[in-house]
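>>> I'd like to go over a predicted model; first the sequence, then the structure.
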Amino acid sequence: MSADYITTMIKPMLQGAQMTVLLFLIAIVVSIPLGFVLTLAVKSSIKSIAWLAHSYIYIMRGTPLLLQLLFICFGLPMLPLVGEYLVLDRFTAACLGFILNYAAYFAEIFRGGLLAIDKGQYEASQVLGLNKWQTMTRIILPQMFRVALPAVSNESITLIKDTALLYAVAVPELLHFAQTAVNRDFTIVPFFIAGMIYLLMTLLLTALFKWLEQRFKFE
C-alpha cells in the first residue's frame, strides 16, 4: 500500500474529524452549564420544577442516545400540526441531541459533587457572614468542580467517542469517511486509521483534564 494512497485516504478522514471535533466542542460547551442548571432545578424547593428536572434526567439517561438522535432527526418532523416547523438539518439536530443527552449526565455528576461537600462548609460560611451567593460561588462551587472533575473528564471522553453515532443520521464525520473508504477499496486499513485518530483525540483530551485536575488540586 503506497504512501500516496494512504495520504489520499487520510485527507477526507481528517475532514470528517473536524466535524467530530466541532460537534464535541458545541456539545461540551453547552451541555455542561445546562447540566448545572438542571442540578439546581433538581434541588429546587419548588416541587414541580424539581419533578420536571428529575423526569427529564430519567428519560434522557434511560433511553439510548441513538434513539434520541433518530427521534430528533426523523421523528420531530412527523409530529402532527407542529412537525413542519421542527425540521432541522442533520448536524443541528445531532448537536441538539447530544446537548440534551449529555446535560442529563452532567447534571447527575454535579449533583454528586454537591452531595460530597460537607454540610459544615455551609455552616462555616454563615459564621463568616457570607450570603448565599457568596457561599455558592466562593466556597461550594470550587469544591464541587474539584470533586466532579474526574467524572466530567470520563464523560467528555465518552462524548468524543459517541460522536461516531453521527454516522447513523448521515452526518459526514470521521467514521463515515472510514466506512466509505473500506467499501470502496475493500481494505480494513481505514478503520485502523480512524481508530488511531480517535485515540489521538482522547489522548489530548485526557492530557487536558489531567492538567486541570493538577491545577485544581493545588489551588
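Great, that's in hand. Here the structure is a predicted model, which means the values were calculated and not measured.
>>> neighbours of the closest residue to residue 10 other than its chain neighbours, how many?
Of all residues beyond its chain neighbours, the one nearest residue 10 is residue 193 (6.2 Å), with distances taken as Cβ to Cβ, 6 or more residues apart in numbering. Using the backbone N, CA and C atoms, a C-beta is placed for each residue, glycine as well. Counted with other Cβ atoms under 10 Å, the neighbours of residue 193 add up to 19.
>>> which ones are touching residue 193?
The neighbours of residue 193, taking Cβ atoms under 8 Å, 6 or more residues apart in numbering as the test, are 6, 9, 10, 13, 178.
>>> and residue 50, by the same measure?
41, 42, 43, 44.
>>> want to throw those into TSV with secondary structure?
Formatted as TSV, the contacts of residue 50 follow (DSSP: H, G, I helix; E, B strand; the rest coil):
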residue	secondary structure
41	helix
42	helix
43	coil
44	coil
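>>> out of those, which one sits closest to residue 61?
Nearest to residue 61, judged by Cβ to Cβ, of the contacts of residue 50 is residue 42 at 12.6 Å.
>>> does that closest one touch residue 54 like I think?
Yes - between residue 42 and residue 54 there is a contact at 6.0 Å, judged by Cβ atoms under 8 Å.
>>> related to what we said a few turns ago, host element of the residue nearest to residue 10?
Using DSSP states H and E, residue 193 sits in helix 189-217.
>>> starting at the chain centroid, how far to that helix?
Offset of helix 189-217 from its chain centre (Cα atoms, centre = their mean, to the nearest Å): 15 Å.
>>> which stretches of the chain have low pLDDT?
Applying pLDDT under 70 to the chain flags the ranges 1-2, 217-219.
>>> so how far is residue 139 from the residue lying farthest from the centre of the chain?
Using Cα atoms, centre = their mean, the residue of the chain lying farthest from its centre is residue 127. It sits 38.2 Å away. Shown here: residue 127 relative to residue 139, a distance of 12 Å by Cβ to Cβ, to the nearest Å.
>>> now for these two: what residues contact both?
By Cβ under 8 Å, 6+ apart, no residue touches both residue 127 and residue 139.
>>> from memory residue 163 sits against residue 26, does it?
No - using Cβ under 8 Å, residue 163 is not in contact with residue 26, being 10.6 Å away.
>>> compare those two (neighbour count), which wins?
Set residue 163 next to residue 26 and count neighbours by other Cβ under 10 Å: residue 163 wins out with 25 against 17.
>>> for that one, which non-adjacent residue is spatially closest?
Distances taken as Cβ to Cβ, 6+ apart put residue 20 closest to residue 163, at 4.6 Å, once the chain neighbours are dropped.
>>> quick one: contacts of stretch 26-38?
The contact list for stretch 26-38 (Cβ under 8 Å, 6+ apart) reads 53, 56-57, 95, 98-107, 109-110, 152, 156, 159.
>>> residues in contact with residue 122?
Counting by Cβ under 8 Å, 6+ apart, residue 122 touches 135, 139, 140.
>>> excluding its backbone neighbours, what's nearest the second one?
This means residue 139. Closest to residue 139 by Cβ to Cβ, 6+ apart is residue 125, at 5.2 Å.
>>> tell me the SS of that neighbour?
Counting by three-state DSSP, the backbone at residue 125 sits in helix.
>>> could you give the number of residues near it?
Neighbours around residue 125, by other Cβ under 10 Å: 18.
>>> kindly report the same for residue 29.
Here the number of neighbours of residue 29 (other Cβ under 10 Å) works out to 11.
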